[in-house]
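K.L.:
what's the 3D shape of this:
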Amino acid sequence: MTQAEREQDNGKEKERDRDREKEKEKEKEQRGVKRPIMPPAIPEPVQEQIQSNFMVVINPGSKNLRIGRATDTLPAAIPHVIARRLRHPGQSRYEDPWLLREGLDRPESSEQRQNGLKMVDQAIWSKKMSNGVRRTPVSAEQARSYNRQVRAAVLESSSGVKWTNTSHQPEFLVGEEALYVNPADCYSIHWPIRRGQLNVHPRPGGSLTAVLADLEAIWSYSIQKLLEIPLKDLKSILSPNPFSHTAIVVHQESVCATFGSGLSSACVVDVGDEKTSVCCVEDGVSHRNSRLCLAYGGSDVTRCFFWLLQRVSFPFKECQLSNRLDCMLLQQLKESFCHLDQDISGLHDHEFRTRFPDSPTLLYQLRLGDEKLQAPMALFYPATFGIVGQKMTSLQHRSQGDPADPHDEHYLLGTQSRQDQSSKAIAERKALPKTSGFDGEQSSQGTDLPERGTLIQDVDLGHSHGDCLIGGAELEEPPSALLSRKTAMTQFEGKALGLDKAILHSIDSCASDETKRKMYSSILVVGGGLMFQGAQEFLQHRILNKMPPSFRRVVENVEVITRPKDMDPRLIAWKGGAVLACLDTTQEMWIYQREWQRFGVRMLRERAAFVW
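P.N.:
Below you'll find the model as predicted:
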């Protein structure tokens with residue numbers, strides 16, 4: 001018998017074996033014997049290479065959306081807002097507040113704000129200027145008496161600013177066009193992301209379906225108009241279901257920030273418009289137990305600055321926090337006048353202009369003293385924001401699991417052998433780091449029972465670290481470390497933690513002293529919420545004064561980096577996402593739409609480079 005004939009016979013024999021197996025399965029089913037239920041296996045990543053020029057990197061923030069090709073030098077940016085036309089005549093319009101938020105109208109708000117301002121004034125007085133002399137406090141009454149006499153000067157009869165033309169009744173408007181929609185027109189204004197989370201609320205346009213539809217509309221517009229990419233040609237992007245033939249990589253914004261700045265390890269401080277997140281990243285891995293999310297940001301500084309302006313008789317009396325154009329003006333004034341430079345003291349005269357649709361251009365004079373320094377210092381004394389009854393500080397707890405996935409982390413833990421669990425517990429106790437207080441002093445921690453919580457924001461649509469859209473495998477956090485963190489943070493559940501104390505706590509949560517030294521020597525500040533003159537030196541001084549004494553002797557230099565490679569800190573995370581997208585190793589992390597539709601969130605757990 002020839003070789004070919006033998007191979008043919010073997011093939012026929014295998015085919016007969018398969019037929020016999022099928023017959024046995026049919027007999028079992030007929031007898032009522034059920035086959036074991038096995039989940040479908042996760043497929044290996046598709047090996048097809050995705051080219052960089054076909055990748056779109058999206059960094060969605062609470063205020064701005066940054067989007068661009070992975071090969072672009074800089075992203076396009078637009079306000080992350082949409083105006084939707086009302087569907088029925090007579091329907092009342094709704095507008096999401098910009099600077100206003102819950103917790104400001106409590107009876108205790110005013111007292112808390114005043115107490116916070118006293119702490120700010122004490123801190124300003126206690127820190128000497130560069131010449132060794134203490135600052136001379138400036139009375140608000142001195143500025144108030146001047147500003148009361150100011151009257152607006154008309155520069156031009158027309159401001160040149162116009163309302164957005166809605167005569168053709170578009171279904172929706174996006175970005176700047178949405179901000180300049182006339183309130184008299186039948187459009188509602190929505191911001192789909194609030195404090196790094198989907199802006200789901202019980203008011204009009206606040207359902208999950210509506211928010212996702214808003215995101216789809218904004219991103220579709222940006223891709224087509226800003227990037228000039230027809231949606232039919234779209235290849236790779238994080239997107240809602242209406243986009244076809246798509247793929248996605250999700251990564252933490254903190255890790256992307258280290259890629260964008262060229263740092264291997266850093267304590268990443270992301271001060272955004274509505275939230276601030278702190279996280280320690282080492283060699284592309286975000287340490288879960290170091291993640292903190294603070295529910296305040298640049299917009300809270302703007303609102304605080306407006307309160308301080310009112311205390312000194314702000315000459316623009318018509319300014320209201322409920323008016324979005326007034327909010328835009330206040331943002332501009334904050335960015336122009338506020339600082340963290342202790343050497344700038346005394347009273348100074350300023351001027352600003354107002355340009356509104358259907359109004360003349362007006363010029364105002366304004367005299368300010370310490371108000372320009374007090375407002376940004378509220379980031380270190382959040383009581384000055386006057387927010388009462390809101391949870392301002394959050395840890396990232398373990399995921400509660402996916403009810404639709406019977407083979408999630410909790411299933412694996414529940415089916416572990418007792419011997420494995422005992423061995424792991426012993427190893428965790430040995431690895432438990434010593435913890436210290438927020439002001440650098442050693443503190444003992446309790447041993448409450450662990451409580452599992454939800455993911456606190458570490459991919460901007462879904463984190464911390466907000467996260468850039470396009471994650472590093474993490475080691476499991478010891479339960480004992482989780483206990484210590486929860487005990488340490490219990491006292492802050494209803495309070496706001498200052499930015500410097502949040503950084504110290506995040507670094508102190510790292511497992512080893514060597515890692516802590518790395519973090520102290522590389523504190524990376526990204527986002528647009530701390531872009532003030534003197535911010536780098538001010539934050540460095542605060543960290544040096546409050547860090548544990550044991551580390552002052554071993555850390556050669558506490559370095560705060562606010563503009564790595566002279567880049568705009570607001571673009572660092574997006575740039576890091578673009579760099580990450582071009583790496584060969586990223587090809588293994590793509591999740592294709594057909595895979596997501598079949599396996600759901602399991603695909604994210606299998607492919608994401610971080611534990612959540």
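
K.L.:
And the helices in the stretch 251-400 of the chain?
P.N.:
With DSSP state H, counting those that start in this stretch as the criterion, the stretch 251-400 of the chain has helices at 253-261, 298-311, 324-337, 371-377.

K.L.:
How far off centre is the third one?
P.N.:
Put plainly, it is helix 324-337. For helix 324-337, the separation from the chain centroid amounts to 22 Å (computed by C-alpha atoms, centre = their mean, to the nearest Å).

K.L.:
sec struct for Glu606, please.
P.N.:
When classified by DSSP: H, G, I helix; E, B strand; the rest coil, Glu606 comes out as helix.

K.L.:
Just say which of the helices of the stretch 251-400 of the chain is most tucked in.
P.N.:
Comparing these by mean neighbour count (mean count of other C-beta atoms under 10 Å), helix 253-261 ranks first with a mean of 29. The C-beta positions use only the backbone N, C-alpha and C, and glycine is treated the same way.

K.L.:
shaky segments in the stretch 501-612 of the chain?
P.N.:
For the stretch 501-612 of the chain, the stretches with pLDDT under 70 are 612.

K.L.:
give me that answer again for 80
P.N.:
Flagging of the stretch 501-612 of the chain using pLDDT under 80 yields the residue ranges 610-612.

K.L.:
cool, and the chain?
P.N.:
Along the chain, segments meeting pLDDT under 80 span 1-53, 231-246, 396-495, 610-612.

K.L.:
hmm, who's touching the helix or strand where Lys516 lies?
P.N.:
Secondary structure assignment for Lys516, by DSSP states H and E: helix 513-520. Residues outside helix 513-520 that contact it (C-beta atoms under 8 Å, 6 or more residues apart in numbering) are 265-267, 280, 282, 287, 506-508, 510, 543, 547, 551, 554-555, 558.

K.L.:
contacts for the next helix or strand after that helix?
P.N.:
Where DSSP H and E defines the elements, the next helix or strand beyond helix 513-520 is strand 523-526. The contact list for strand 523-526 (C-beta under 8 Å, 6+ apart) reads 257-258, 261, 263, 266-271, 503, 535-536, 539, 543, 558-562, 564, 569-570, 572-573.

K.L.:
Filter these down to the buried ones, PyMOL style.
P.N.:
Selection of buried members from the contacts of strand 523-526 for PyMOL, criterion 16 or more other C-beta atoms under 10 Å:
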select buried, resi 257+258+261+263+266+267+268+269+270+271+503+535+536+539+543+558+560+561+562+564+569+570+572+573
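
K.L.:
Out of the contacts of strand 523-526, which sit inside strands?
P.N.:
With DSSP state E as the criterion, strands contain Ala266, Cys267, Val268, Val269, Asp270, Val271, Val560, Ile561 from among the contacts of strand 523-526.

K.L.:
Distance to Gly389 for these - can I get that in a markdown table?
P.N.:
Output for those, formatted as a markdown table (distance: C-beta to C-beta, whole Å):
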| residue | distance to Gly389 |
| --- | --- |
| Ala266 | 34 |
| Cys267 | 30 |
| Val268 | 29 |
| Val269 | 26 |
| Asp270 | 25 |
| Val271 | 23 |
| Val560 | 33 |
| Ile561 | 36 |
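
K.L.:
So which of the helices of the stretch 251-400 of the chain is nearest Ile58?
P.N.:
Ile58 lies closest to helix 253-261 among these, at 11.4 Å (C-beta to C-beta).

K.L.:
Just read off the phi/psi values of the closest residue to Val57 other than its chain neighbours.
P.N.:
The shortest distance from Val57 to any non-neighbouring residue, by C-beta to C-beta, 6 or more residues apart in numbering, is to Gly577 (4.4 Å). Backbone torsions of Gly577, given as degrees, to the nearest 10, read phi -60, psi -40.

K.L.:
Kindly confirm whether my reading is correct that Gly577 touches Gln252.
P.N.:
No: taking contacts as C-beta atoms under 8 Å, Gly577 lies outside contact range of Gln252: 10.1 Å.

K.L.:
Could you check which of those two is surrounded by more residues?
P.N.:
Counted by other C-beta atoms under 10 Å, Gly577 and Gln252 do not tie: Gln252 has more neighbours, with 32 against 29.

K.L.:
hang on, the earlier thing: what angle do the helix holding Lys516 and strand 265-271 make?
P.N.:
50 degrees (axes from the mean of the first three to the mean of the last three C-alpha atoms, to 10 degrees).

K.L.:
Buried residues of helix 513-520, list them for me.
P.N.:
For helix 513-520, burial by neighbour count (16+ other C-beta under 10 Å) applies to Thr515, Lys516, Arg517, Lys518, Met519, Tyr520.

K.L.:
Could you check how far the residue nearest to Val57 is from Gln587?
P.N.:
15 Å (C-beta to C-beta, to the nearest Å).

K.L.:
Would you mark the buried spots in stretch 133-140?
P.N.:
Neighbour-count burial for stretch 133-140 flags Arg135, Val138, Ala140 (criterion: 16+ other C-beta under 10 Å).

K.L.:
Then stretch 310-318?
P.N.:
Buried residues in stretch 310-318 (16+ other C-beta under 10 Å): Val312, Ser313, Phe314, Pro315, Phe316.

K.L.:
Quick check: closest non-adjacent residue to the fourth one.
P.N.:
This means Pro315. Nearest non-adjacent residue to Pro315, counting by C-beta to C-beta, 6+ apart: Val150, 4.0 Å away.

K.L.:
go on, the second one?
P.N.:
With sequence-adjacent residues excluded and distances taken as C-beta to C-beta, 6+ apart, Ser313 is closest to Asn147, at 4.2 Å.

K.L.:
Pretty sure that neighbour sits against Arg311.
P.N.:
No: in this structure, Asn147 is not within contact of Arg311 by C-beta under 8 Å, at 10.2 Å.

K.L.:
who touches both of those two?
P.N.:
The contact sets of Asn147 and Arg311 do not overlap (C-beta under 8 Å, 6+ apart).

K.L.:
hang on, the earlier thing: pull out the buried residues from the contacts of helix 513-520.
P.N.:
With burial judged by 16+ other C-beta under 10 Å, the buried subset of the contacts of helix 513-520 is 265-267, 280, 282, 287, 506-508, 510, 543, 547, 551, 555, 558.

K.L.:
which one among these gets closest to Ser167?
P.N.:
Distances from Ser167 to the buried ones among the contacts of helix 513-520, taken as C-beta to C-beta, are shortest for Ala266 (50.8 Å).

K.L.:
Distance-wise, check that closest one relative to Ile523.
P.N.:
Ala266 is 7 Å from Ile523, where distance means C-beta to C-beta.

K.L.:
overlap in contacts of those two?
P.N.:
Each of Ile561 lies in contact with both Ala266 and Ile523 under the rule C-beta under 8 Å, 6+ apart.

K.L.:
so is the residue nearest to Pro315 in a helix, a strand, or just coil?
P.N.:
coil.

K.L.:
And for it, the neighbour number?
P.N.:
16.

K.L.:
I'd guessed it sits against Leu363; true?
P.N.:
No: Val150 lies out of contact with Leu363 (C-beta under 8 Å); the separation is 10.1 Å.
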